[in-house]
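> below is the sequence, then the predicted model.
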Amino acid sequence: MATFIIRRFFSALVSILLATLLVFSALLAIPGDPAEIILGLNASPQALAALREQLGLDTPAPQRYLNWLSGITTGDFGESLNYQKPVAGLILNRLKVSVPLALGGALLACAIALPLGIFAALKRGSILDPLIISFSQVGAAIPSFWLGLMLILVFAVHLRWFPAGSFIPWERDYLGSIRSLILPTFALGLGQAAVITRMTRAAMLDVLGQDFIRTARAKGLTEKKTILHHGLRNALVTIITVLGLSLSNLFIGSIIIEQVFSLPGLGRLALTAIGTRDFPLLQGEILVYAGTIVLLGFLVDISYGFLNPRIRYR
Amino acid sequence: MKRVMFLALFTLIIFGQALAQDAPSPQFGGEVTVAITADPPGWDPSASTSQEIPRVVYHNVFEGLVRFDRDGNIVPALATSWTVSDDGLDWTFTIRKGVKFHDGSDLTMEDIVAKFQRARDPDSSHTHHEYYASIDNITTEDNTVTFHLTEPSSSLLYNLARPDSVIYPAAKADTQRSQPIGTGPFKFVSYLEGSEVRLERFDDYYLDGVPYLDSVVYRIISDPNTRFAALRAGGIDLIGTSLPPEQFLQAQSDPGLKGTEGTGTTEITLALNNARPPLNNKLVREAITYAIDKEAIVNGAMFGLGTVIGTHMSPAEPYYVDLTNTYPYNPEKARELLAEAGYPDGFTIKFELPEPYNIERRSGQVIAQQLAEVGINVDLSVVEWGTWIQRIFLGGDYDMTIIGHSEPRDINIYGNPDYYFHYDNPQVRDLLQQAEVATTIEDQTADYQEIAKIIADDAVNVWVFSPPYLVAAQQDVYGFWQNQPTPAIDMTEVYRAP
């Protein structure tokens, strides 16, 4: 187990480094320069040169990347070129929106998908199964931005139950923050719920057809015990894998939903960083994104061992 | 010494309904939430030419010696009056006494001198040194500031009214990007990146009776549909920038909202690379102009909202001259000219549309179709904004593009051969210089109109239309600017009344 964790840690480190290097090179390859974008149209060439120097853009690119790396090792994530503020603070502020949104979306998706998926698997052959399946098909096909716009139209514009186009900071009014996150959570979670429902149903059907379920029933276990202890526990290996992927989707794929609901989350910050070629900020975001994906993958791997003791780590 | 009497003429004359609103009388208190489209690159209007900055801070937070009012007139701000010597070389401004900055310090003559020393220093990161290039030195006496010029400058006063010329405390010049401190009616309180900006009433403002509001919130909403949904849901009170025409029409028909249409200084310009074949051939440029039905574009892309133009001037500008008939829509004539230029079967040309700008993208698509009808095959693509700035605008590497030139009084760009049009005409440069040192408004106007005519005859670009300035707001919000003589959402006289 210990060697497994150490090996995973180093391979994670390498992937994250590669990700930042890739993004840094991509930003260099596309046209556009932070100073030009900050100064805007019609700025004088002298002003451009002065700002480039002030932002440190006159140092060679490899040097800039190395400076950034050595900063990271001392816990300094650098300063955003566009906002002129420390990157760490900017990202932490955005996590306050993106993390609750992703977790809320995942919770909502599980709360809908697990019961529905299990139910559909058990009711196979009845009219309910195809009904649930077609609902999930529709749910997976609806683009989240469209669903978001519809939710805004119905619940914000017409019913006025929820705000549109604003996020109230947690420090000011946490109930207000929760209210402004409800619609986006639904827009984000429903699509994932559809996918997880299908996977849960498939995994359950697979497991319920296994010999050990017949054995469990034969030895006189109640149906509830059979399904939950023997069926669901074994199906969970598949479900958790999907859930891990789905959580990283929710965390990273929320860019569109953040745009539609105008939430100050990580995704919009990344868009701004790309638009302004703000490389320290974007690099910081990539660290968070890559780190999250690696961490989720790791947690999923660890969970296998708990769910199925036959799985060994090497 | 003669009093500057041509002041009123100097400025934009606007046929607005500015005062026509039958509004209830102003009330004090309350808050108005305004939608803006993006995080500006900082808050110092002299550190970037981004127009998102003045939309929040111009005359709300920052003021200059003089300023534009809602109709484009140049009126006193920190200076109460000014005189100019007979030779046009010495401009003396009398500065208001007892003005305080938002940090509690007093406005001093040193703050003003330091500001303009920095502005004209080519090594500072001030974006437009050329606005102040004619200033030789600056002297002060009691509460007056005198600019001594090297030659007369007809645009000095205009440049002093621009957002670039606002005054901040001399010691804090470098921190204005993140912590703006001005003398305006509202002080900058907080900024949450990507989310909101909060301004609050400045109690020590030197004018009595304004502002009316206790606070103003700017909400950053980049998606136009979300912006409008937020207005309809009541979370936003006013959209005063980038309002699509269809949303304006919707606001007009919504009983809870209102929509106003005024004039702006934007020219939607189909820019042609005058240095690159086949566009370096004047006949080809004429043919393109003949091929474009501007009326159809205004109807198709703008629901009829917009004024067709024929040169780089919007009807809101004081020296506007109607040149729409220089090369009127005539596809037959376009085909003939193409044949005469040696392209009887037309040619293929690249046309790149700027991604962030909806009106330009829509217009560009109509233009591509119209050009196809005379045999010009258009290779259409959409370009991301950073790329547009670097490769097309600064690098000048493109065939055709389309963009709204919204800076007021910017015909001087045709005197710069390095500008992305690659238009090089010494006659235009001479006229621009002549206009700059003109001492009467009539001479200056005549020069500008002559330039407008020359560039129209040369078919440098196709100036398609001037879009109106559109605002949508809640019914109970009054006093906002209905015209846009300069990019600004001035909240000084805005109030709520049921």
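Happy to help now that I have it.
> which residues in the stretch 101-250 of chain A form helices?
A:128-141, A:144-151, A:174-208, A:211-218, A:223-225, A:233-252 (DSSP state H, counting those that start in this stretch).
> with distance to chain B added, can I get those in a markdown table?
(Glycine included, C-beta is placed from N, CA and C.) Listed next are these as a markdown table, based on distance: least, Cβ to the nearest Cβ, whole Å:
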| stretch | distance to chain B |
| --- | --- |
| helix A:128-141 | 21 |
| helix A:144-151 | 6 |
| helix A:174-208 | 9 |
| helix A:211-218 | 49 |
| helix A:223-225 | 46 |
| helix A:233-252 | 17 |
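> now tabulate these in CSV and tack on mean pLDDT and mean neighbour count.
CSV is the format used below for these (pLDDT from 0 to 100; neighbours: other Cβ atoms under 10 Å in any protein chain shown):
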stretch, mean pLDDT, mean neighbour count
helix A:128-141, 88, 15
helix A:144-151, 90, 18
helix A:174-208, 90, 21
helix A:211-218, 86, 13
helix A:223-225, 84, 11
helix A:233-252, 85, 20
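> tell me which of the ones you listed sits nearest to A:A2.
helix A:233-252 (22.2 Å; Cβ to Cβ).
> following the closest one, which helix or strand comes up?
Next helix or strand after helix A:233-252 toward the C-terminus (DSSP states H and E): helix A:254-261.
> please name every helix or strand in contact with that following helix.
The contact analysis (3 or more Cβ pairs under 8 Å, 6 or more residues apart in numbering or on different chains; DSSP states H and E) places helix A:254-261 against helix A:87-122, helix A:144-151, helix A:174-208, helix A:266-275, helix B:224-233.
> need those in a markdown table (columns: distance to B:D458).
Listed next are the helices and strands packed on helix A:254-261 as a markdown table, based on distance: least, Cβ to Cβ, whole Å:
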| stretch | distance to B:D458 |
| --- | --- |
| helix A:87-122 | 48 |
| helix A:144-151 | 45 |
| helix A:174-208 | 53 |
| helix A:266-275 | 35 |
| helix B:224-233 | 36 |
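> out of these, nearest to B:T127?
So among the helices and strands packed on helix A:254-261, helix A:266-275 is nearest, using Cβ to Cβ, at 19.3 Å.
> does the closest one come close to chain B?
Yes - counting by Cβ under 8 Å from any Cβ of the partner chain, chain B is contacted by helix A:266-275 at A:R268, A:L269, A:T272, A:G275.
> which of those residues scores worst on pLDDT?
Among those, A:G275 carries the lowest pLDDT, at 84.
> identify the residues contacting that one.
A:I37, B:E384, B:W385, B:G386 (Cβ atoms under 8 Å, 6 or more residues apart in numbering or on different chains).
> which single one of those residues is nearest to B:D90?
A:I37 (39.3 Å).
> mind telling me what element that closest one is part of?
Using DSSP H and E, the element containing A:I37 is helix A:34-39.
> check which helices and strands that helix sits against.
helix A:45-55, helix B:385-387.
> for the last one, list every residue counted as buried.
Within helix B:385-387, the residues that count as buried by 16 or more other Cβ atoms under 10 Å in any protein chain shown are B:G386, B:T387.
> and for the first one?
By neighbour count with 16+ other Cβ under 10 Å, helix A:45-55 contains the buried residues A:Q46, A:A47, A:L48, A:A49, A:A50, A:L51, A:R52, A:L55.
> these also near chain B: which ones?
A:Q46, A:A47, A:A50, A:L51.
> who's in contact with A:R268?
A:I255, A:E258, A:Q259, B:G194, B:S222.
> from A:P184, how far off is it?
12 Å (Cβ to Cβ, to the nearest Å).
> overlap of the contact sets of these two?
Common neighbours of A:R268 and A:P184 (Cβ under 8 Å, 6+ apart) are A:E258.
> quick check: which ranges of the chain have low pLDDT?
Answering for chain A, as no chain was given. Within chain A, the segments meeting pLDDT under 70 span A:42, A:313-314.
> try again with chain B
Across chain B, the ranges flagged by pLDDT under 70 are B:1-22.
> tabulate the helices of the stretch 101-250 of chain A (JSON lines), appending distance to B:A133.
Shown next, in JSON lines, are the helices of the stretch 101-250 of chain A (distance: least, Cβ to Cβ, whole Å):
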{"stretch": "helix A:128-141", "distance to B:A133": "61"}
{"stretch": "helix A:144-151", "distance to B:A133": "49"}
{"stretch": "helix A:174-208", "distance to B:A133": "49"}
{"stretch": "helix A:211-218", "distance to B:A133": "86"}
{"stretch": "helix A:223-225", "distance to B:A133": "85"}
{"stretch": "helix A:233-252", "distance to B:A133": "49"}
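> nothing else from me, thank you.
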